[in-house]
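In: Quick one: sequence and predicted model below, then my questions.
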Amino acid sequence: MSEGIKRRDFLRVVGVSGAGAGMLGCSTGEVERLIPYVVGPEEITPGVATWYTSVCDECPAGCGIWVRTREGRAVKVEGNPSHPISQGSLCSRGHAALQGLYNPDRFTGPMVRDGEDLRAIGWDEAESLLAERLRQAGPDTAFVTGSSGPSFDELIENFISLVGGRRVVYDALSEAPLREATRIAFGQNVIPGFDIERARLVLSFGADFLETWLSPVEYGRAFGRMSAADEHGSKGRFVFLGPRLSLTGQNADEWVPIRPGSEGVVALALAYQLSGAGAQAGPYAPLVREYDPERAEAVSGVPASAIRDLAERFVSEGPSLALGPGVAGQHRNATAANLAVLILNAVAGNVGRTLHVGAPQLGASTAPFVDLESTIRAMAGGNVQVALVHGTNPAYSLPPVAGFMEAFAAVPFKVSFASALDETAAMADLILPDRHALESWGDSNPRPGVYALRQPALQPVPHFDSRQTGDVLLSVTARMGQDLGGATFFDLLRAGWRRIHTSSGSAGLPFDDFWREALRTGVLELEGVPPAPASLRSPDGALSFDVPTFAGEGEFVLIAYPSPRLGDGKHAHSPWLQELPDPVSKITWHSWVEIHPRAAERLGLQDGDVVRVRSEQGELEAPIWLYPGVREDVVAIAMGGGHKSYGRFADGNGVNVMSLLPAVVEQPSGALVHLVTRVMVEPTGARYPLASVSGSTDQADRPIAPAIALGAIGHGEEGEGGHGELQELQELGGFAPVPTEGLAEDFPLPGSQYGAYDPEDHPRCARGVAPASPPVRRRTTWPGLEKTRYGWAGTSAGYGSKATTRLWMPTARGRSTCASFPCCASTVATRRASRSAPSTPPTTLPKE
Amino acid sequence: MSRQWTIGAAVALAALVTLAFAQARGGDPPALSQEPGAGPVGGTRTQPIRFPHSTHAGDYRIDCQYCHFSAERSVDAGIPSVASCMGCHTVLPGRSYPEEVEKLRGYYNRNEPIPWVRIYKVADHVHYPHARHVQAWEKIGAPSKEVVCLECHGPVPELDVLEEVNQPLSMGWCVDCHVRTEARRDCTVCHY
């Protein structure tokens, strides 16, 4: 090397001049302004957050939320801890509600179609226009809505009965088959309540109850408690049966990869085994008798012995609970499959213990597609003059062959209440943008006796001139010379809650106090009548429980499943959710086709190869992602991609799997069938780099994330030469038990130093501290063990008789402030609880 | 090899110098009010209204937190709303500078906030929560909660118009007090 500047000097020069620039940047003498309010708002203290209770509107489950506002703007959404559904938690879609609120693609005001384009008009003009068109249309009106809260629902019903016409509820993710099956089995037209927490063995026949099924936040909480080790060291078990391992399936203790569509047969075979060949299956005895485990083995691919085993455990490890197939498993016999699962529950004695027909789940959507289908026919036949759409987007979420777009286009006057652009609104003649849920009034009734109010957490975002649809409907009715019982939707809501107040037995409390209290706590829980016991009733119609035939050609059955991030596509406008890696594939933004590695090998395909997936209804191209969690005879594609007019963050990302599906209606529930077609998978020769954040799943034989079976830990501590896996981890250097007796005051350990710090005064959280709850997985990983100086320890009551509490404790040389952080407060508590437990002799880390 | 680094260093240096100058010059605040007599906006630290702290907090002994209403419960001390000034000045014409009270009424009648110039400012990477400091008045050694403000803000009740910062506001200054009062001193107490 000669003279001049070398690399090191370069960095030095750049570093110094960079620092200089930084210093200059600090001393610009810029004048900063302090802008006060002209008139200070009463509820706002600058610098202090104000929280409002409300109800999440991202799915129909009805989670209670807290909205954190700063200086009058919503900045964060959290679960309401007092609400029985959310219990302080919220799913990613609920958290991303803010991005719907501040979505830059929201409509800036009412608009009317002017040729090809939409032209802004005033609210007055828009409402008069709608009133006039409605007066002309009369009974030739169709109002298509998603499911909504009770007060708004009532208003829509009253509105449509006043103006005439039909009202249709349509949700892309609908549990109509489960409701229909419950009606057939127990005579009640509801979705039953599932008590997952109380169950000790849960069987899910494909229901993704941790992602989108019915009430995922509530079930997630319940599942967490159910599958955590209790004080006796035992934990509930979860077996997942289905052709694709969803996020829920990945949380299972066992996966039984049954053939797609064979859920009903397997459930009946389990019932057969439990009921003495069907003898105790009540009115379903003749049915159950036909489905012995051998028959199930033939159609599902599960060995009969495994079915017998599982059946035995289903009773011996009870109380147990079996959950139905869910949307991804809705095939032509979906009602029968749901019914089979209910029969299994009834035979195992779960009805009234873990399955409550009398305490139904009211939040879930059960709208059958068949209603919309008849409306589509009416629209195509020219029998609809005015079509109104609120809270649903059938132009995107229905299979194109259902013909909605063509039929809708034929309607002379189409009105959309969407707050932001979507595929249906893009076709509309008049757009009356609704307020976002966080700006609106509303209510929810997610289960009997549980009511919650949705209140605006902020003034409407000023850039978007929106008006709550309830108010618009009332104003339009007034313009038509009618009265629906109030000038604003708020009046109707109050009137509805007056009725709740009267029936709540709190008549001593003035209504205003009652209302304020409901707003303050965010939830009202009334003593319910104890549910009447339910028992199996005779079936009122013939159903086929067999595996349905799948239409089309090709070696793969297509699974179109609701995305845990984007749902049915409703949430695709949120960049947070687009960027959130899919919990299974770790892929962001675009769509992918899940295929088994062996099937891919047969086709000569690798990760990221673009394939053409073709059904009789359509085709699409997407990269494949090899996933051993799908059966070899299926491919799976998530819903939610491939938007065309859903704003800048959704459009053009991924593909819409619905374009492959036929519009088949399941009988008798009327639901849209999702698991219905075979597809051909053809290589295109193109490649697409997967936007995956996981990098590699291969540890290349290096102990990057060492793992150990939960059961092995107890053995390892029994003495010298314990379990092999444990020894292996110890040899890696990071696995040093430290004494876990003592109180918080005993720390820091001798030789280590912490900054003086009062965790109670400064609640903050350190990064990298593992949760203090016992591990619930079969295999648990501890990242970066050989690099840290943290020990691992635990002698408290845990799994089995021995230690499993996962504590990250600083060792003597650790110099970490971990124990002084409040995150560790619970570990301290655990330690306190375990003071009497025998301590493990400390072993030190290997010297450097 | 080192020739490349030399050229690179020269380019980087030039870029950084340019950037530094650009930053130094880019200090013009947005013009907020063009009201004549409202004081020059931009470039200087002249307040839009000559507000004499000495009259309000000094002569009339108005509690600091009467106007800076959230000092005890928020990170921000709170700048009084124009309406709260008008609470008194609807009837009081102003003793020291009546023409300044007219300006205040002008802002209020135009429904316009007063663009006060910020005097006390710690660096962006430092947090200074007012509430914590007010609540610790005893520890700080102030005779009462009402006058604890003076410990950091200096003798404001004796000053006329606040246009210059009268305290060092440096890290050493902060830490000195934290040492004296035995307050916590780990980095994350302020730098979080």
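Out: The structure has been received and is ready for your questions. Residues are numbered from 1 along each chain as shown, chains lettered A, B, ... in the order given.

In: When you work out contacts or count neighbours from here on, use the C-alpha atoms and nothing else.
Out: Fine.

In: and A:K644, what is it in contact with?
Out: By Cα atoms under 8 Å, 6 or more residues apart in numbering or on different chains, the residues touching A:K644 are A:423, A:650-652.

In: Looking at those, state which has the most neighbours.
Out: Neighbour count (other Cα atoms under 10 Å in any protein chain shown) singles out A:A650 as the most crowded of these, with 25 neighbours.

In: That one against A:H573, yeah?
Out: Yes - A:A650 is within contact range of A:H573, at 5.0 Å (criterion: Cα atoms under 8 Å).

In: Below-threshold pLDDT in the chain: ranges please.
Out: Looking at chain A here, since you left the chain open. A:1-30, A:233, A:278, A:528-529, A:707-848 (pLDDT under 70).

In: Chain B was what I was after
Out: Along chain B, segments meeting pLDDT under 70 span B:1-45.

In: Show me where it has its strands.
Out: Assigned by DSSP state E, chain B shows strands spanning B:116-117.

In: Then the stretch 451-600 of chain A?
Out: A:524-525, A:556-561, A:593-595 (DSSP state E, counting those that start in this stretch).

In: Can you add distance to A:I258 and give those strands back as JSON lines?
Out: Formatted as JSON lines, these follow (distance: least, Cα to Cα, whole Å):
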{"stretch": "strand A:524-525", "distance to A:I258": "41"}
{"stretch": "strand A:556-561", "distance to A:I258": "13"}
{"stretch": "strand A:593-595", "distance to A:I258": "16"}
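
In: Could you dump these into a markdown table and include distance to B:S144 and mean neighbour count?
Out: A markdown table is the format used below for the strands of the stretch 451-600 of chain A (distance: least, Cα to Cα, whole Å; neighbours: other Cα atoms under 10 Å in any protein chain shown):
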| stretch | distance to B:S144 | mean neighbour count |
| --- | --- | --- |
| strand A:524-525 | 45 | 18 |
| strand A:556-561 | 65 | 26 |
| strand A:593-595 | 69 | 27 |
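
In: right, and these - which one's nearest B:K139?
Out: Across the strands of the stretch 451-600 of chain A, B:K139 has its closest neighbour in strand A:524-525 (44.5 Å, Cα to Cα).

In: name the helices or strands packed onto that closest one?
Out: Using 3 or more Cα pairs under 8 Å, 6 or more residues apart in numbering or on different chains; DSSP states H and E, the elements in contact with strand A:524-525 are strand A:450-454.

In: ok, now with 10 Å
Out: Packing partners of strand A:524-525 (3 or more Cα pairs under 10 Å, 6 or more residues apart in numbering or on different chains; DSSP states H and E): strand A:450-454, helix A:511-521.

In: Adding mean neighbour count and distance to chain B, write the ones you listed out as a markdown table.
Out: Output for the helices and strands packed on strand A:524-525, formatted as a markdown table (neighbours: other Cα atoms under 10 Å in any protein chain shown; distance: least, Cα to the nearest Cα, whole Å):
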| stretch | mean neighbour count | distance to chain B |
| --- | --- | --- |
| strand A:450-454 | 23 | 28 |
| helix A:511-521 | 15 | 21 |
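
In: With distance to A:S215 added, can I get these in CSV?
Out: Shown next, in CSV, are these (distance: least, Cα to Cα, whole Å):
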stretch, distance to A:S215
strand A:450-454, 14
helix A:511-521, 21
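
In: closest one to A:L339 among those?
Out: The closest of the helices and strands packed on strand A:524-525 to A:L339 is strand A:450-454. By Cα to Cα, the value is 27.2 Å.

In: Extract the C-alpha set from that closest one and format it as CSV.
Out: Extracted in CSV, the C-alpha atoms of strand A:450-454 (Å, rounded to 0.1, in the frame of the first residue of the first chain):
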residue,chain,number,x,y,z
VAL,A,450,-72.7,-8.7,27.3
TYR,A,451,-73.3,-5.3,25.8
ALA,A,452,-70.7,-2.8,24.8
LEU,A,453,-70.8,0.7,23.4
ARG,A,454,-68.7,2.0,20.6
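
In: Compute the inter-axis angle for it and helix A:511-521.
Out: Between the axes of strand A:450-454 and helix A:511-521, defined by axes from the mean of the first three to the mean of the last three Cα atoms, to 10 degrees, the angle is 80 degrees.

In: Name the strands paired with strand A:450-454 and say parallel or antiparallel.
Out: The strands beside strand A:450-454 in its sheet (DSSP bridges) come out as strand A:442-447 (antiparallel), strand A:524-525 (antiparallel).

In: just how off-centre is that strand within its chain?
Out: Computed by Cα atoms, centre = their mean, to the nearest Å, the chain-centroid distance of strand A:450-454 equals 20 Å.

In: before we move on, the earlier item: so for B:Y66, which of the strands of the stretch 451-600 of chain A sits nearest?
Out: strand A:524-525 (39.0 Å).

In: contacts for the closest one?
Out: Under the contact criterion Cα atoms under 10 Å, 6 or more residues apart in numbering or on different chains, strand A:524-525 has outside partners A:82-84, A:445, A:447-453, A:500, A:504, A:514-515, A:517-518.

In: One more pass at 8 Å, please.
Out: With Cα under 8 Å, 6+ apart as the test, strand A:524-525 has contacts from A:449-452, A:518.

In: Go through those and name the one nearest A:G569.
Out: Proximity of the contacts of strand A:524-525 to A:G569 (Cα to Cα) peaks at A:A452, which lies at 26.3 Å.

In: Give me the helices and strands touching the helix or strand that contains A:V288, please.
Out: For A:V288, the element it lies in under DSSP states H and E is helix A:285-289. Secondary-structure packing of helix A:285-289 (3+ Cα pairs under 8 Å, 6+ apart): helix A:263-274.

In: How far off centre is the helix it packs on?
Out: 28 Å.

In: what do you get for stretch A:296-310?
Out: 31 Å.

In: Stretch A:146-159 now?
Out: In terms of Cα atoms, centre = their mean, the centre of stretch A:146-159 is found 24 Å from the chain centre.

In: Could I get the buried residue list for that stretch?
Out: By neighbour count on 16 or more other Cα atoms under 10 Å in any protein chain shown, the buried set for stretch A:146-159 is A:146-153, A:155-156, A:159.
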